[in-house]
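# I need the structure of the sequence given here:
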Amino acid sequence: MLAESSHRWPWLLLLAVAVVGPPLTGEPYVAHLMVLGSLSALLAVGLNVALGFAGLFSFAQGAFYGIGAYVSALLVLSSGAGFWTAFLAAGVAAGLAGLLLGLLTIRLGGHYLAIATFAFQEIVIVVIRNWDSVTKGPLGLSGVPGPAPLALPGLPPLEFQSELAYYYLALAVLVLAVAVSWRLRTSQIGLELLAVRDDEVAARAMGVRAVQLKIFAFSASAVLAGLAGSLFAHYVKNVSPESFAVATSFAVLVSVLVGGLGTIMGPVLGGIALTFLPEYLRVFQEHRFTIYGALLIVVVIALPGGVAGGLQTLARRWRARAQAARP
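Here you go, the predicted structure:
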């Protein structure tokens, strides 16, 4: 994975752990959690493009997630499309939904935009829940097949039937999304997005096309959520409206804020950490959600820049002390 500075070795180490860690545990449940963590991280990376880069406060990530999941599942079940075709179509469909939402709400800002995206989130869930002839309503779609084996020249077909194999598929998509996110932020478009986020009036005065950039950020954020939805549908083999409710959007928002808003690796750390934390707090039984909430409060107060921001601060201090200690 890529870091936000030239010091990338910690993130390369993290990638190495992500690759070799699950097989060493020998526990399918760990691989299962890593699949879910990777999907949560992918959702958070997408929201970070809109919120962290462009300052667009959105509660609609769960809706885009659901659109991607249902489009992918319906294409495979109804038309016999292959997984990879459905996977790409899910991203396109969610991206078009993000484009539409962006066009309709782009003149809004702050809490007005948040309310509008929340309304969109609820509308999508209501449509999914009540469009019985297509989505099967509250019962959802079942029997969604997993990905077909992927044939590569000179290599045996890659199968994704086990939790571990599917984890590597999700990890590959996540790594690609992080790389694209990093490239976007360091590009001219990314710099203009940050300028719009920090001061839209000044950015417009400098000739930045703020409206087009914000619509682009909304659409890109939705595409990543749609891809995550496709991966989720073909992993759990069934989809229902409850999986994409507003609680999902809220969880993604928390992952971004805890991990580090506007950073590259923060959403990844937040998404994975907030997937594993509730599971390891099960030993506290009925008190686990209280402890979970308290830990989130502590992190937000102690690390206002998120986990990634805190790690960057520690790294800068360490480098400054190392330089000061040199003769």
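# need the contact list for the closest residue to Ala210 other than its chain neighbours.
Excluding the flanking residues, the one nearest Ala210 by Cβ to Cβ, 6 or more residues apart in numbering is Val196, at 4.8 Å. (Each C-beta comes from the backbone N, C-alpha and C, glycine too.) Residues near Val196 by Cβ atoms under 8 Å, 6 or more residues apart in numbering: 54-55, 203, 208, 210, 213-214.
# host element of Val196?
helix 188-198 (DSSP states H and E).
# tell me which residues of whichever helix or strand comes after that helix come out buried.
Next in sequence after helix 188-198, counting helices and strands by DSSP H and E, comes helix 200-205. Across helix 200-205, burial judged by 16 or more other Cβ atoms under 10 Å covers 200, 203.
# what residues does helix 200-205 touch?
Against helix 200-205 from outside (Cβ under 8 Å, 6+ apart): 192, 195-196, 210.
# how far off centre is it?
29 Å (Cα atoms, centre = their mean, to the nearest Å).
# using CSV, write down the CA coordinates of that helix.
Only the C-alpha atoms of helix 200-205 are listed here, as CSV (Å, rounded to 0.1, in the frame of the first residue of the first chain):
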residue,chain,number,x,y,z
GLU,A,200,-14.5,27.1,-2.1
VAL,A,201,-14.8,30.9,-2.6
ALA,A,202,-11.1,31.4,-2.9
ALA,A,203,-10.7,28.3,-5.1
ARG,A,204,-13.4,29.6,-7.5
ALA,A,205,-11.6,33.0,-7.6
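# going along the chain, name the helices of the protein.
9-25, 28-48, 61-79, 83-105, 110-130, 132-135, 163-186, 188-198, 200-205, 210-236, 246-259, 266-280, 288-302, 306-325 (DSSP state H).
# which among those is found nearest to Ala148?
helix 83-105 (5.7 Å; Cβ to Cβ).
# in that closest one, which residues are buried?
Buried residues in helix 83-105, defined by neighbour count with 16+ other Cβ under 10 Å: 83, 86-87, 89-91, 93-95, 97-99, 101-102, 105.
# of those residues, closest to Gly226?
Ala94 (2.5 Å).
# which pLDDT value goes with that closest one?
The confidence metric pLDDT takes the value 97 at Ala94.
# Gly68 is in contact with that one, correct?
Yes. Between Ala94 and Gly68 there is a contact at 4.5 Å, judged by Cβ atoms under 8 Å.
# overlap in contacts of those two?
Residues touching both Ala94 and Gly68 by Cβ under 8 Å, 6+ apart: 225-227, 229.
# buried stuff in stretch 129-148?
Neighbour counts over stretch 129-148 (16+ other Cβ under 10 Å) mark 129, 135-136, 140-141, 144, 146-147 as buried.
# so where's the stretch 1-150 of the chain uncertain?
Scanning the stretch 1-150 of the chain for pLDDT under 70 picks out the ranges 1-9.
# the same query, at a cut-off of 80, please.
1-12, 21-22, 25-26, 109-110, 149-150 (pLDDT under 80).
# same question, the stretch 151-300 of the chain
Using pLDDT under 80, the stretch 151-300 of the chain drops low at 151-159, 161, 282-289, 292, 300.
# middle-most residue in the chain, spatially?
Among the residues of the chain, the one closest to the centroid is Leu43, at 1.5 Å (Cα atoms, centre = their mean).
# could you identify which of the contacts of Val196 has the most neighbours?
Ala54 (27 neighbours; other Cβ atoms under 10 Å).
# so what's that residue up against?
Counting by Cβ under 8 Å, 6+ apart, Ala54 has contacts 193, 196-197, 213-214, 217-218.
# let me know the closest of those to Leu176.
Nearest to Leu176 among the contacts of Ala54, with distances taken as Cβ to Cβ, is Ala217, at 18.3 Å.
# ok, Leu227 touching Val173?
Yes. Leu227 is in contact with Val173 according to Cβ under 8 Å; the separation is 6.3 Å.
# neighbour count winner among the two?
Using other Cβ under 10 Å as the criterion, Leu227 and Val173 rank with Leu227 on top: 29 against 19.
# ok, now which ones touch the closest residue in space to the more buried one that isn't next to it in sequence?
Leaving aside its chain neighbours, Leu227 sits nearest to Gly91 (4.5 Å; criterion: Cβ to Cβ, 6+ apart). Counting by Cβ under 8 Å, 6+ apart, Gly91 makes contact with 68, 223-224, 226-227, 230.
# highest neighbour count among the residues you listed?
Gly68 (34 neighbours).
# right, and that residue touches Leu224 too?
No. Using Cβ under 8 Å as the test, Gly68 is too far from Leu224 to be in contact (9.2 Å).
# Leu257 - how many residues pack around it?
Counted with other Cβ under 10 Å, Leu257 comes out at 21.
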